[in-house]
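> Provided below for reference: sequence and predicted model.
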Amino acid sequence: MINWDHNATTPLRAEVAALLVERISSGLPGNASSVHRLGRAARKALEQARAQVAQVMGAEPREIVFAGSGSDAAALCLKGAYAARTEAGRTRVVISAVEHPAVMKAAAQLERHGATVTRVAPGTDGRVDAARVSAALGPDVALCSLMWANNETGVLQPVREVAATCRGAGVTFHVDAVQAVGKVRVNLRELNADLLTFAPHKFGGPAGVGVAVVRRGLPVEALVPGHQEDGKRGGTPNVALAEAAALALQLADAGLDAWEARVRPLRDAFEAGLRAALPGVHVHGEMAPRVANTTHARFDGADGEALLVALDLEGICVSTGAACASGSLAPSHVLTAMGLTPGQAHASVRFSLGHEATVQEVERVLSVLREAVPRARDAA
């Protein structure tokens, strides 16, 4: 099987799997809130994991909040920061029109509860102009959110420029770094963001845990009340998943340069092979900066779902967009925001390579596509 859907999730790293097996076989840590020796051991392990994450992220341990997923962390940051804002006149939220559904839906919930949401459109290359975000800011804006790397196209957004603009405007800035961590170097202090979220299962860690980085002193109202996580997220923390998340982050950060050097040439060879083998192929965002592993290609006149099925029958796993939106008949909001028609969006497929990708896989996928694309065009 060829897994080219790593933007949806990644396999557990062997070291992370071994850690989880060890924790499970030993009965898992105790409750980190308990004062007896089992509780103290669990608390020590949890705080060590927090410190490890903070070190990689350029943050302080107290700024690391463990959540249940990347979406959970994003909801905490957006809804929690908005609820805790100190200036009542700031009732507007600015996001891009290509955000992940987790951010889009959190913003929509705020909208239903009285906030005004401004959605900034990208250019045709999928990149949001920092100047357009700046123009959307104003004294009534409480919060701005911009993803670092788009989950569908892989396009990198100008988060550093927007962070500086938001800082000058007194606007709280959140970065969805779910598709960035493990693919680009991320440091909260260099970025100068107020809030940042990511999900370890995107870089060899486990699902079921997410991380929010909340700048020290920034008020955030808990969505789940409780004393845990410095009062920002109630509920007994999963210590084993926190440890696994920290280990996966350390490994991904240490191996980032090698990952980039291995994956980018394979991705580029795949795109060159597509153009050489098939007419009517367009790579979305190809002129914009992108993460190294992602190709979102349009096959003019083809049925993208038919292509996905044809590839799956050959043991090749890809997607037509965000995994959380799979099964939806609606065209990708990312592609339509870039100016594509619904038909063009439906003719698009996302390929996201992992660290185990090989030249042989590239050749195999190209071989299958040479046969499958004409059939998918006939089926459209």
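In hand now; what should we look at?
> Quick one: low-confidence residue ranges for the stretch 1-150 of the chain.
Low-confidence segments of the stretch 1-150 of the chain (pLDDT under 70): none present.
> how about the strands in it?
Assigned by DSSP state E, counting those that start in this stretch, the stretch 1-150 of the chain shows strands spanning 2-3, 64-67, 92-96, 116-120, 141-147.
> Taking strand 116-120 as reference, get the angle to the last one.
If you take axes from the mean of the first three to the mean of the last three C-alpha atoms, to 10 degrees, strand 141-147 sits at 40 degrees to strand 116-120.
> Send over strand 141-147 as CSV, restricted to the C-alpha atoms.
C-alpha atoms of strand 141-147 as CSV (Å, rounded to 0.1, in the frame of the first residue of the first chain):
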residue,chain,number,x,y,z
VAL,A,141,-11.2,43.7,16.0
ALA,A,142,-10.7,41.4,18.9
LEU,A,143,-9.1,38.5,17.3
CYS,A,144,-7.3,37.4,14.0
SER,A,145,-6.6,33.9,12.9
LEU,A,146,-4.5,32.7,10.0
MET,A,147,-3.3,29.2,9.3
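> quick one: strands adjacent to it?
Using DSSP bridges, strand 141-147 pairs in its sheet with strand 92-96 (parallel), strand 172-176 (parallel).
> The first one too?
Strand 2-3 pairs in its sheet with strand 316-317 (parallel), by DSSP bridges.
> Report the rounded mean pLDDT for the strand it pairs with.
Averaging pLDDT along strand 316-317 gives 98.
> Helix or strand next in line after it, which one?
Once the chain leaves strand 316-317, the next helix or strand it forms, by DSSP states H and E, is helix 333-337.
> chain center to that following helix: distance?
17 Å (C-alpha atoms, centre = their mean, to the nearest Å).
> Quick one: closest of the strands paired with strand 141-147 to Ala14.
Ala14 lies closest to strand 172-176 among the strands paired with strand 141-147, at 28.2 Å (C-beta to C-beta). (Each C-beta comes from the backbone N, C-alpha and C, glycine too.)
> ends of stretch 341-354, how far apart?
Stretch 341-354 has an end-to-end distance of 30 Å (criterion: C-alpha to C-alpha, to the nearest Å).
> Mind listing what's buried along that stretch?
Neighbour-count burial for stretch 341-354 flags 344-354 (criterion: 16 or more other C-beta atoms under 10 Å).
> Make JSON lines out of the strands of the stretch 1-150 of the chain and add distance to Pro265 and mean neighbour count.
Converted to JSON lines, these look like this (distance: least, C-beta to C-beta, whole Å; neighbours: other C-beta atoms under 10 Å):
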{"stretch": "strand 2-3", "distance to Pro265": "17", "mean neighbour count": "20"}
{"stretch": "strand 64-67", "distance to Pro265": "34", "mean neighbour count": "26"}
{"stretch": "strand 92-96", "distance to Pro265": "30", "mean neighbour count": "25"}
{"stretch": "strand 116-120", "distance to Pro265": "33", "mean neighbour count": "17"}
{"stretch": "strand 141-147", "distance to Pro265": "25", "mean neighbour count": "26"}
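> Tabulate those strands in a markdown table, adding columns for distance to Val373.
Putting those into a markdown table (distance: least, C-beta to C-beta, whole Å) gives the following:
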| stretch | distance to Val373 |
| --- | --- |
| strand 2-3 | 17 |
| strand 64-67 | 41 |
| strand 92-96 | 31 |
| strand 116-120 | 33 |
| strand 141-147 | 30 |
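> burial count for Gln228?
19 (other C-beta atoms under 10 Å).
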